[in-house]
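Q: Could you work out the structure for the sequence below:
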Amino acid sequence: MEMIPRITRAQKVEAFDTRPVVEVQVKSLGARFVKIDLGETGQTKDGYAKALTDEQLQKQREGMAKVCAASDVVNPAAREVASSPIYGMPIFDADNAKTVLVLKRSMAAGFSGVDNPLFVKENTRMLFGDAKATVQQLVAEFKES
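A: Residues are numbered from 1 along each chain as shown. Now for the predicted structure:
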């Protein structure tokens with residue numbers, strides 16, 4: 001099962017698995033089961049997921065990208081701005097951390113189109129650019145020092 005950990009004060013996990021048979025187990029752990037139609041996936045006689053085809057892997061990536069993109073999980077406007085279209089959505093209290101590090105391509109609004117006040121808070125540090133490339137560069141610099 002592939003897990004997407006999202007950590008708050010208490011661990012919260014959202015999970016997805018290509019096998020419908022694990023939905024009950026995922027929900028029994030208090031996690032949200034994300035359904036992505038990949039067609040026939042099946043499992044081995046031992047209950048393990050069979051390898052996905054390249055096409056299924058692509059569908060899985062696209063499906064999870066939509067789920068992640070639709071989640072404004074760190075936008076305090078969901079908690080603080082009653083007129084916001086995301087008001088009332090569950091979020092992680094990232095803005096309450098001592099320091100918040102945000103990797104983003106620009107200051108443009110995200111998928112929801114809602115500005116994120118987290119970006120301008122005193123405890124937030126912004127790194128602009130492609131997140132993967134930026135992290136790789138940071139890791140390389142730490143290794144050199």
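Q: measure stretch 35-54 end to end?
A: End-to-end distance of stretch 35-54 (CA to CA, to the nearest Å): 18 Å.
Q: Any buried residues in it, and which?
A: Buried residues in stretch 35-54, counted by 16 or more other CB atoms under 10 Å: 36, 38, 41, 49. The C-beta positions use only the backbone N, C-alpha and C, and glycine is treated the same way.
Q: And for stretch 106-113?
A: Ser112.
Q: circling back: out of the buried residues of stretch 35-54, the closest to Val74 would be?
A: Ile36 (23.3 Å; CB to CB).
Q: tell me the contacts of the residue nearest to that closest one when sequence neighbours are not counted?
A: Once flanking residues are discounted, Ile36 sits nearest to Gly63: 3.7 Å by CB to CB, 6 or more residues apart in numbering. Neighbour list for Gly63: 34, 36-37 [criterion: CB atoms under 8 Å, 6 or more residues apart in numbering].
Q: So which of the residues you listed are in helices?
A: Members of the contacts of Gly63 lying in helices (criterion: DSSP state H): none.
Q: between those, which is closest to Ser84?
A: Of the contacts of Gly63, the one sitting nearest to Ser84 (CB to CB) turns out to be Val34, at 24.3 Å.
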